[in-house]
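# Pasting the sequence and the predicted coordinates here, then a few questions.
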Amino acid sequence: MRSRWSGSVYDASHRLGDAEVALLLHAAQWAPSAGNSQPWTFFVCVPGTTNHDRLVANLSRGNSGWVPRASVVFLTAAHVRSGDEVDAPAFSDYALYDVGQAAAHLTLQAHSMGLLAHQFAGFDHEALAGALDVPATHQLLTGIAVGLPGDPGEVDERTAARDHRDRVRRPLSEWAFTGAFGEAGVADSQA
């Protein structure tokens, strides 16, 4: 788990086959969900397709340099309402949590296949949801760029440097509590 990381330098010429894309989606498919509700939707954005063009047109400036180089990008959406009305009852109280688990399963599958997987949220959510005809029952959440590691010499300096910075995580004492909020007690050893 610790060897998984969110790389940003992709081989822009690499493409995944249909079977590889399906394998990644099957990993997400088998993620646990509340009552087996599976409240996720994944949009597949392969370079050269309409979905990829829609995504690229709506990327934030910070993501527009590296995301398009990925072999495939998955966009996640959660089934959050049972009807089109803004005040419609929730489809699942755990939809966002469940989509997160599905995304995590996909990223770990990518890692096991020797691929990088980098989750991101820097895009115009409203405009892209409109371009993808996402219904009011669903909420567009994040993207997951997946592909082979590329040559840092082919990307801008900022993107290349991003892949070489130290990976640091907050210590367990800041977020794992054995009592009430703030009462740390879990040993903080690196696994």
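Ah, there it is. Numbers count the residues shown, from 1 in each chain.
# What mean pLDDT does the lengthiest strand in the chain get?
Counting residues, the longest strand found in the chain (DSSP state E) is strand 138-147. The average pLDDT for strand 138-147 rounds to 97.
# Report the strands that pair with it, each with its relative direction.
If you go by DSSP bridges, strand 138-147 pairs up with strand 72-79 (antiparallel), strand 116-120 (antiparallel).
# Can you name every helix or strand that the helix or strand following the last one contacts?
So that's strand 116-120. Where DSSP states H and E defines the elements, the next helix or strand beyond strand 116-120 is helix 125-131. Where contact means 3 or more Cβ pairs under 8 Å, 6 or more residues apart in numbering; DSSP states H and E, helix 125-131 is packed against helix 50-57, strand 138-147. Where you see a C-beta, it was placed from the backbone N, CA and C, and this is true even at glycine.
# tell me the most buried of those?
Most buried of the helices and strands packed on helix 125-131, by mean neighbour count (mean count of other Cβ atoms under 10 Å): strand 138-147, with a mean of 22.
# now the angle between helix 50-57 and that one, please.
90 degrees (axes from the mean of the first three to the mean of the last three Cα atoms, to 10 degrees).
# count of neighbours near Gln109?
20 (other Cβ atoms under 10 Å).
# Point out where this protein drops to low pLDDT.
The model of the chain has pLDDT under 70 over residues 1-7, 151-152, 155-156, 159-165, 167, 190-191.
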